[in-house]
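1. Sequence and predicted structure below; questions after.
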Amino acid sequence: MFEPTAIYAPNPHRYDTMTYNRAGTSGLKLPAVSLGFWHNFGDITPFDQMKSLVFTAFDTGITHFDLANNYGPEPGQAEKNCGLLLAKYFRHHRDELVISTKAGYEMWAGPYGDLGSRKYLLASLDQSLERLGLDYVDIFYHHHPDPETPLEETMGALAQAVNSGKALYVGLSNYDGPTMEKAAAILAELHVPFIINQNKYNILDRTVEKNGLKETAFKLGKGLITFCPLAQGLLTNRYLNGIPADSRMAHDPRFLNDSALTEKLHKQVMDLNNLAAERGQTLAEMSLAWRLHDGKVTSVLTGASKPQQILDNIGALKNTHFNDEELKLIDEISAR
């Protein structure tokens, strides 16, 4: 006996309250909060949990789902699960979604399974499209710089992705300012719509401020979407009183384990939490809002293991204004 056709009726008011920002000077708008598939969409997460996450996201105006070829666990599994979700529930909403994926880190064995060669990038994109069940992605990123491959070759592969109709736009991830500027010049010559950078950025990690990426992106009119805004949960109330049994640190310690929670870091987090309370926000809300305060970040890429976390993240948009004293104190705590 066949299962009944799955029907999903999105919230008709989903666009009423979400903020949408242009990716640099391009025509593409992204929600101020986007949903990342790095964690919670692999083999260790039940499908119904994934479904509840994407439903909650889309129902609240989050139209951007961000993936990469190697997201899992296991590598490729997040794209497969996203493909199942899209086919089953979002078939009639594809034109309301921005789907991005990336290639750069190791995806398969041998000399052609990572980095920045034309062979790897274009093969990986084809594999990603097959797993996603899509004809094209909206944004295709090179996931990290490859100093061993000429920049012209890597950018030429991104150009081919667009020219073949398999990507609408391209992006660069984990580049620094000077390298991104060189890449941007090549892509401009090739008339490729390079519109966005994706980099790690949060109150405790200011790398994009130090390596020129943030200011160079703004100068060139390129968007910036930032990941790890909550430092994988450290910039929330999750770890104020130890390590909860259901936390990422306890559940999936591949990228975050208890050694990260030092006494110094705990003091920083406590002080930031006190400031957030003075602002009438949770620490997570303040941490997300801080990213958006100066208009140079297009979207904040967030992960979630529970629907409520998505709702909490969106709550940050209610107050993204910081006075000079608050910004100075945040900088001082971060620099300790």
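-> Nice, I can see it.

2. what comes up buried for stretch 264-284?
-> Using 16 or more other CB atoms under 10 Å as the test for burial, stretch 264-284 gives 268-269, 272-273, 275-276, 281-284. Where you see a C-beta, it was placed from the backbone N, CA and C, and this is true even at glycine.

3. just curious, which of the residues you listed is nearest to Asp43?
-> Using CB to CB, Ala284 is the member of these that lies nearest Asp43, at 26.8 Å.

4. Quick check: nearest residue in space to the closest one, chain neighbours excluded?
-> Nearest in space to Ala284, with sequence neighbours left out and distances taken as CB to CB, 6 or more residues apart in numbering, is Thr236 at 4.3 Å.

5. Tell me the predicted confidence for that neighbour.
-> pLDDT, Thr236: 90.

6. Settle this for me: it is touching Leu230, isn't it.
-> Yes - the criterion here is CB atoms under 8 Å, and Thr236 meets it with Leu230 at 5.4 Å.

7. what sits in contact with each of the two?
-> The contact sets of Thr236 and Leu230 overlap at 284, 287 (CB atoms under 8 Å, 6 or more residues apart in numbering).

8. Spatially central residue in this protein, please.
-> In the chain, the residue lying closest to the centroid (CA atoms, centre = their mean) is Leu301, at 3.6 Å.

9. So that residue lies in a strand, does it not?
-> Yes - the assignment for Leu301 is a strand, going by DSSP: H, G, I helix; E, B strand; the rest coil.

10. Now for it: which residues touch it?
-> 34-36, 66, 198, 225-227, 229.

11. Please repeat the previous calculation with a cut-off of 6 Å.
-> 34, 36, 66, 225, 227 (CB atoms under 6 Å, 6 or more residues apart in numbering).

12. got it, and Met286?
-> 276, 279.

13. again, only this time at 10 Å
-> Met286 makes contacts with 203, 235, 272-273, 275-280, 316, 319-320, 322, 326, 330, as judged by CB atoms under 10 Å, 6 or more residues apart in numbering.

14. Tell me the one of these nearest Phe140?
-> Nearest member of the contacts of Met286 to Phe140, counting by CB to CB, is Ala316, at 28.3 Å.
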